[in-house]
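Novice: Predicted coordinates and the sequence they were generated for:
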Amino acid sequence: MSDYKFYQFVTERAIETRSSWTHREIALFHYFNPNGLYAKKKATDKQIDTLVEDGKAKSGAMIAYGALNHFYTDRLVNIVHRKRIERADICAVVRGLQWDIDSANKFIAETEGAR
């Protein structure tokens, strides 16, 4: 497989990361791929925005769980643009993004279930 085709696979068609991937490939997957954590975070951000707009949640939810909670997404963007990606950096960002997404999903479920 050529480098470009593999890049396309990682950024467009892969469903999950593989243990054989480099740190850069993992970062590219989570940033560009529709199955990556960046896309999942954006989807939960939209759900939180909708809850706030509909009056089901207070605006602070956007800071705690939504689009204004962007520490790990900013770090992912920073990591993708580096020449060298350390294992600890990508692992911390992946764990942090997953925790943010899980927390947001829990909040969404509780908020929608309460009304």
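Specialist: Yep, that arrived. Residues are numbered from 1 along each chain as shown.

Novice: When you work out contacts or count neighbours from here on, use the C-alpha atoms and nothing else.
Specialist: Will do.

Novice: Now do the buried residues in the helix or strand of the chain with the lowest mean pLDDT.
Specialist: Among the helical and strand segments of the chain, the one scoring lowest on mean pLDDT, DSSP states H and E is helix 3-8, with a mean of 93. Within helix 3-8, not a single residue qualifies as buried, counting by 16 or more other Cα atoms under 10 Å.

Novice: what element comes up after that helix heading to the C-terminus?
Specialist: helix 23-32 (DSSP states H and E).

Novice: before we move on, back to that, alpha carbons of the least confident helix or strand of the chain, in CSV - could you do that?
Specialist: Presented in CSV, the C-alpha positions along helix 3-8 are these (Å, rounded to 0.1, in the frame of the first residue of the first chain):
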residue,chain,number,x,y,z
ASP,A,3,1.9,6.1,1.7
TYR,A,4,-0.9,8.2,0.3
LYS,A,5,-3.4,5.3,0.2
PHE,A,6,-2.5,4.4,3.8
TYR,A,7,-2.9,8.1,4.8
GLN,A,8,-6.3,8.0,3.1
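
Novice: what packs against that helix?
Specialist: Secondary-structure packing of helix 3-8 (3 or more Cα pairs under 8 Å, 6 or more residues apart in numbering; DSSP states H and E): no helix or strand packs against it.

Novice: where's Lys42 relative to Lys58, distance?
Specialist: Taking Cα to Cα, to the nearest Å as the measure, Lys42 falls 19 Å from Lys58.

Novice: who's more crowded, those two?
Specialist: Lys42 (15 against 12; other Cα atoms under 10 Å).

Novice: what about that one, helix or strand, and which?
Specialist: With DSSP H and E as the criterion, Lys42 is inside helix 37-53.
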